[in-house]
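Novice: One predicted model, sequence on top.
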Amino acid sequence: MSEPSELESLQCQKLREEIKKLDVETRLLTRSWWQQASYIAAILPIVVVSFSAWVAYSNSEFKREAEAAKADIAKLRPEAETLKAQVSRLQKEEPILQVEIAPASWRKFKNFSIKPPHCKSEMRRLIKIFRNGDPSSWTSVRA
């Protein structure tokens, strides 16, 4: 009779182990979705990458350069406005100044004269060479 009792005890022990196993499986199945490893394994890399991208953006060199550029633009904007005003003022003054300068430059040419006699003959010779239109003779001009 020892065999049936030993067999019964082994069967009871097996049943107890199966009950424990079913209890563990039941607890695993009744856990919330965020406590289950399969969901965490899928979501964790996405969260880590998103967080690291946010950190990289917030500390990035590009953001610092953009902020520095914005500061430079804000600092140089008044100077640009001043320069634009100067350009428009000078463009308005340009025709007036050209009218004033033109007679002075014409006077300079009007008063120009060739006094030494050999210069007049050289000038006539040069004019004759250039009027002929022969480019080979242009190199024969004496200094």
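Specialist: Done, it's in.
Novice: Please count neighbours and contacts with C-alpha atoms only from this point.
Specialist: Noted.
Novice: Look through this protein and tell me its longest helix.
Specialist: helix 61-110 (DSSP state H).
Novice: distance between that helix and the chain's centre?
Specialist: Taking Cα atoms, centre = their mean, to the nearest Å, one finds helix 61-110 lying 26 Å from the centre of the chain it belongs to.
Novice: next one: stretch 45-64
Specialist: Taking mean C-alpha positions (Cα atoms, centre = their mean), stretch 45-64 and its chain are 19 Å apart.
Novice: Can you dump the C-alpha atoms of that stretch in CSV for me?
Specialist: The C-alpha trace of stretch 45-64 is given here as CSV (Å, rounded to 0.1, in the frame of the first residue of the first chain):
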residue,chain,number,x,y,z
PRO,A,45,12.8,52.4,-27.4
ILE,A,46,10.3,54.9,-28.8
VAL,A,47,10.2,56.9,-25.6
VAL,A,48,14.0,56.8,-25.3
VAL,A,49,14.5,58.0,-28.9
SER,A,50,11.9,60.7,-28.5
PHE,A,51,13.5,62.0,-25.3
SER,A,52,17.0,61.9,-26.7
ALA,A,53,15.8,63.8,-29.8
TRP,A,54,14.2,66.4,-27.6
VAL,A,55,17.4,66.8,-25.5
ALA,A,56,19.5,67.0,-28.7
TYR,A,57,17.3,69.7,-30.1
SER,A,58,17.2,71.7,-26.9
ASN,A,59,21.0,71.6,-26.5
SER,A,60,21.9,71.6,-30.1
GLU,A,61,24.5,73.8,-31.8
PHE,A,62,21.9,74.7,-34.4
LYS,A,63,19.6,76.2,-31.8
ARG,A,64,22.5,78.2,-30.3
